[in-house]
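Chemist: here are the coordinates; sequence isn't available:
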Ligand code: SF4
Ligand code: FES
């Protein structure tokens, strides 16, 4: 494996890499602004310049020292190279670049959302000068609304052009550009255009300073208060890897989590902003219908009534008169317990899966210059249809589509239904239309609407952020997600509810259910890799850039 020496440390790499790429992979710090692993290399910011010696191509035994500083982001790493980013010449350059970038910078860190995860702030501390020699008035620019989610504070911009390259190379929409020349250069949108493409908010993540900010997160939390959980987007079947940033039981934002095989560095705006349902319109108590109105009931009574109602349906109408409706928004572990519980009461219970909503066709983004696919937003709007199908196939026996189940309910063949509802507003409409007329309807739902209105008994459940589990994306990739926040007041996850109903021993956990699933023959779930977040937030965010 080729190896080079960087600031006294040995760095090895495989394949073709630039000096900066090899150092980033080996966690050897070299400052950089304009370089981003997911974008083309422009070497414009000049803070990554290093001094280097490399073997003479004509006489490899001889080392040649380059007289000038070299951009490490653009220079290929070569075996036996010697690189220093700490020589007096390199350090003088870093200080000069920092001084130049801060000339017109407003230095408004106390009111800037980027503070705490800002390259300019950190590099100013690590590589900058203690004092400014600039005495003239700074250029001031007003903030500008440039898109549905994005605000531009152009006097904080360091003109790294990451955002411009993103809209040209990844979203292919090209709304942003550098306008003007020399001291008048600035980032802006083309006249009459806004940054409203379905991947638009990624420019906020890749902006290394506080020039592009998220309207949704604006002034809502200092980033050093946020905790992070590694999760999977619950919005579509693509299985985009995300971080949920939260504090005191409340979600504040969603950020992309790098996965080379799924979403790389990016996520769709849909995955980023569809989390408010976690805190809206939630149920906090079990309810049962009594004389035409809902009354609160305890978890113990709800559990007892669930078992009694289902057993009564089987007693009165025979096996096969009950059904379990699985939600493709539930984790695979939860669906396993759901089906197991339904079959423990009625061995011929019907299993049905709520069909996911399909929004048109997959949206495929391409780099206009190369034609390479850069991102795909899946049309199927549920994270775990594949998992639901796998569980249904595993249990075998009576299984049917939701429309068929509706027919059976209409013909009084199925009298009792235990349904897990989809958590997103409006998404349980198809299931509601199909099973709303069941004489006995028991709903596991997190929301006050939809199935809750029709159910004779409803139990308040957790959203994906309040539990752990696995989803299987449309490509058959099984991905685990961590619990981010505690279950909201009095809510329980579907998994916990079925664990209790099955009278399983011990405390419910997704890992315990996966163990049980593997023992039952679902071998894919024996060794699921659990994503970990061990680094502090700012280090984690930077490593993703
Ligand atoms: S707005 Fe941010 S990402 Fe875009 S050029 Fe300026 S500093 Fe770079
Ligand atoms: S990171 Fe190398 S010049 Fe900007």
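Modeler: Received it, and whenever you're ready, just let me know what you need. Just so it is clear, the structure is predicted and the values come from calculations on it, not from any experiment. Numbering: from 1, shown residues only. Ligands and ions are numbered 1, 2, ... in the order given.
Chemist: what is the spatially most central residue of the chain paired to in the beta sheet?
Modeler: The residue lying closest to the centre of the chain (Cα atoms, centre = their mean) is residue 242, at 1.8 Å. Counting by DSSP bridges, residue 242 is bridged to residue 231, residue 256.
Chemist: you'd agree it is up against residue 253?
Modeler: No. With contact defined as Cβ atoms under 8 Å, residue 242 does not reach residue 253; the gap is 10.0 Å. Placement of C-beta: from N, CA and C, glycine included.
Chemist: between the two, which contacts overlap?
Modeler: residue 272 (Cβ atoms under 8 Å, 6 or more residues apart in numbering).
Chemist: quick check: closest non-adjacent residue to residue 473.
Modeler: Once flanking residues are discounted, residue 473 sits nearest to residue 239: 3.0 Å by Cβ to Cβ, 6 or more residues apart in numbering.
Chemist: tell me the spacing between the one you found and ligand 1.
Modeler: Distance from residue 239 to ligand 1, counting by Cβ to the nearest ligand atom, to the nearest Å: 27 Å.
Chemist: that residue in helix, strand or coil?
Modeler: Recorded secondary structure, residue 239: coil (DSSP: H, G, I helix; E, B strand; the rest coil).
Chemist: surely it and residue 257 touch.
Modeler: No. Using Cβ under 8 Å as the test, residue 239 is too far from residue 257 to be in contact (11.1 Å).
Chemist: which one's more surrounded, those two?
Modeler: The residue with more neighbours, out of residue 239 and residue 257, is residue 239; 28 against 23, by other Cβ atoms under 10 Å.
Chemist: what distance do you get for the more buried one to residue 476?
Modeler: Here residue 239 is placed at a distance of 10 Å from residue 476 (Cβ to Cβ, to the nearest Å).
Chemist: please identify the residues of the stretch 251-400 of the chain in proximity to ligand 1?
Modeler: Contact residues (Cβ under 6 Å from any ligand atom) of the stretch 251-400 of the chain with ligand 1: there are none.
Chemist: so which elements touch the longest helix anywhere in the chain?
Modeler: When the chain is parsed with DSSP state H, its longest helix is helix 299-317. When contacts are defined as 3 or more Cβ pairs under 8 Å, 6 or more residues apart in numbering; DSSP states H and E, helix 299-317 packs onto strand 286-290, strand 322-326, helix 332-345, strand 416-420, strand 440-445, strand 457-460, helix 494-501.
Chemist: that helix to strand 440-445, inter-axis angle?
Modeler: 140 degrees (axes from the mean of the first three to the mean of the last three Cα atoms, to 10 degrees).
Chemist: orientation of helix 299-317 relative to helix 332-345 in degrees?
Modeler: Orientation of helix 299-317 against helix 332-345 (the same axes, to 10 degrees) gives an angle of 50 degrees.
Chemist: quick one: contacts of helix 299-317?
Modeler: Contact with helix 299-317 is made by 286, 288, 297, 321-322, 342, 345-346, 415-416, 418, 440, 442, 456-457, 459, 492, 497, 500-501, as judged by Cβ under 8 Å, 6+ apart.
Chemist: try it again at 6 Å.
Modeler: 286, 321-322, 345-346, 415-416, 440, 442, 457, 459, 501 (Cβ atoms under 6 Å, 6 or more residues apart in numbering).
Chemist: also stretch 484-498?
Modeler: For stretch 484-498, contacts defined as Cβ under 6 Å, 6+ apart pick out 229, 244, 246, 249, 282, 284-285, 330, 333-334, 337-338, 341, 420, 444, 460-462, 465-467, 508.
Chemist: off-centre distance for it?
Modeler: In terms of Cα atoms, centre = their mean, to the nearest Å, the centre of stretch 484-498 is found 21 Å from the chain centre.
Chemist: with stretch 172-179 instead?
Modeler: Taking Cα atoms, centre = their mean, the mean C-alpha location of stretch 172-179 is offset from the chain mean by 25 Å.
Chemist: per-residue confidence at the closest residue to ligand 2 within the stretch 101-250 of the chain?
Modeler: Ligand 2 sits closest to residue 160 of the stretch 101-250 of the chain, with a gap of 6.9 Å, by Cβ to the nearest ligand atom. Looking at residue 160, its pLDDT is 97.
Chemist: residues touching it, list them.
Modeler: By Cβ under 6 Å, 6+ apart, the residues touching residue 160 are 33-34, 45.
Chemist: redo that, cut-off 7 Å
Modeler: Residues in contact with residue 160 (Cβ atoms under 7 Å, 6 or more residues apart in numbering) are 33-34, 44-45, 208.
Chemist: same question for residue 468.
Modeler: Neighbouring residues of residue 468 by Cβ under 7 Å, 6+ apart: 481-483, 510.
Chemist: for it, give me phi and psi.
Modeler: phi -110, psi 160 (degrees, to the nearest 10).
Chemist: surely residue 196 meets residue 147?
Modeler: Yes. Using Cβ atoms under 7 Å, residue 196 is in contact with residue 147, at 5.1 Å.
Chemist: the two: which has the busier surroundings?
Modeler: Taking neighbours as other Cβ under 10 Å, residue 196 and residue 147 compare with residue 147 leading, 23 against 15.
Chemist: grab the nearest non-local neighbour of the more buried one.
Modeler: Nearest-residue entry for residue 147: residue 195, 3.3 Å, with adjacent residues in sequence omitted and distances by Cβ to Cβ, 6+ apart.
Chemist: try residue 439
Modeler: residue 415 is the one closest to residue 439 (Cβ to Cβ, 6+ apart), at 5.1 Å.
Chemist: surely that neighbour and residue 441 touch.
Modeler: No. Judged on Cβ under 7 Å, residue 415 makes no contact with residue 441 at a distance of 10.2 Å.
Chemist: how close does the residue in the chain sticking out farthest from the centre sit to ligand 2?
Modeler: The centre of the chain is farthest from one residue, residue 59, which by Cα atoms, centre = their mean lies 50.2 Å away. Going from residue 59 to ligand 2 by Cβ to the nearest ligand atom gives 29 Å.
Chemist: angle of the helix or strand hosting residue 408 against strand 416-420?
Modeler: Element membership for residue 408 (DSSP states H and E) is helix 402-410. Interaxial angle of helix 402-410 relative to strand 416-420 (the same axes, to 10 degrees): 150 degrees.
Chemist: how far out from the middle of the chain is helix 402-410?
Modeler: The answer for helix 402-410 is 36 Å, by Cα atoms, centre = their mean.
Chemist: who's in contact with it?
Modeler: 323, 350, 352, 354-355, 414, 430-431, 434-435, 437-438.
Chemist: and that helix, average pLDDT?
Modeler: 94.
Chemist: sorry, back to before: pretty sure the residue nearest to residue 473 contacts residue 471?
Modeler: Yes. Counting by Cβ under 7 Å, residue 471 is a contact partner of residue 239 at 6.1 Å.
Chemist: which neighbours do those two share?
Modeler: Contacts common to residue 239 and residue 471, judged by Cβ under 7 Å, 6+ apart, are 232, 383, 479.
Chemist: what about the last one, which SS state?
Modeler: It refers to residue 479. Under the three-state scheme (three-state DSSP), residue 479 adopts strand.
Chemist: tell me, how many residues neighbour it?
Modeler: Neighbours of residue 479 (other Cβ under 10 Å): 22.
Chemist: what's the answer for residue 498, then?
Modeler: By other Cβ under 10 Å, 30 other residues sit near residue 498.
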